[in-house]
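# show me how the following folds:
(one chain, ligands or ions: 1)
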Amino acid sequence: MIVVVNKFLLAKGFKGISLWPFVIVKDESCKNDVILINHEKIHLQQQAELLVLVFYLWYGIEFLVRWFQLNNRKLAYCNISFEKEAYENELDIEYIKSRPRWNFMKYL
Ligand SMILES: [Zn+2]
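Numbers count the residues shown, from 1 in each chain. Predicted coordinates:
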């Protein structure tokens, strides 16, 4: 994992994004945000499992499906299986070590 600071690559309201193998954060203080970094590490693992490109395709398609279902962009984002897994486990710093492979499927 390589953490890079670049506020221009992040959409408004976001502090970090994972673009395998990089985690891009808004500012220097975000580098020390253990929960944010753990959240992004979960995404890096999801991306590696889906050979990166499939992750981005799946993420985009699932976002559109959820947006159609829920008629709300923010709710759609929160209900993407990858985000549900990351948000639900971001406080568990040891989660990555014991996480079963493909565990995001549990959140579909
Ligand atoms: Zn996320």
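# how about the residues of this structure near the ion?
Proximity of the chain to the ion, by C-beta under 5 Å from the ion, involves residues 83, 86. Backbone N, C-alpha and C define where each C-beta goes, glycine included.
# got a list of contacts for the biggest helix by length in the chain?
Of all segments of type helix in the chain, defined using DSSP state H, the longest is helix 53-70. With C-beta atoms under 8 Å, 6 or more residues apart in numbering as the contact definition, helix 53-70 has outside contacts at 20, 46-47, 49-50, 73, 75-77, 79-82.
# any chance you could read off phi and psi for residue 5?
phi -100, psi 120 (degrees, to the nearest 10).
# please apply the same query to residue 18.
Main-chain dihedrals, residue 18, degrees, to the nearest 10: phi -100, psi 120.
# wait, residue 31 touches residue 1, no?
No. Judged on C-beta atoms under 8 Å, residue 31 makes no contact with residue 1 at a distance of 11.4 Å.
# neighbour count: those two, which is higher?
Ranked by neighbour count (other C-beta atoms under 10 Å), residue 31 and residue 1 place residue 31 first, with 15 against 12.
# now that one. Nearest residue, chain neighbours left out?
Excluding its sequence neighbours, the residue lying closest to residue 31 (C-beta to C-beta, 6 or more residues apart in numbering) is residue 3, at 5.5 Å.
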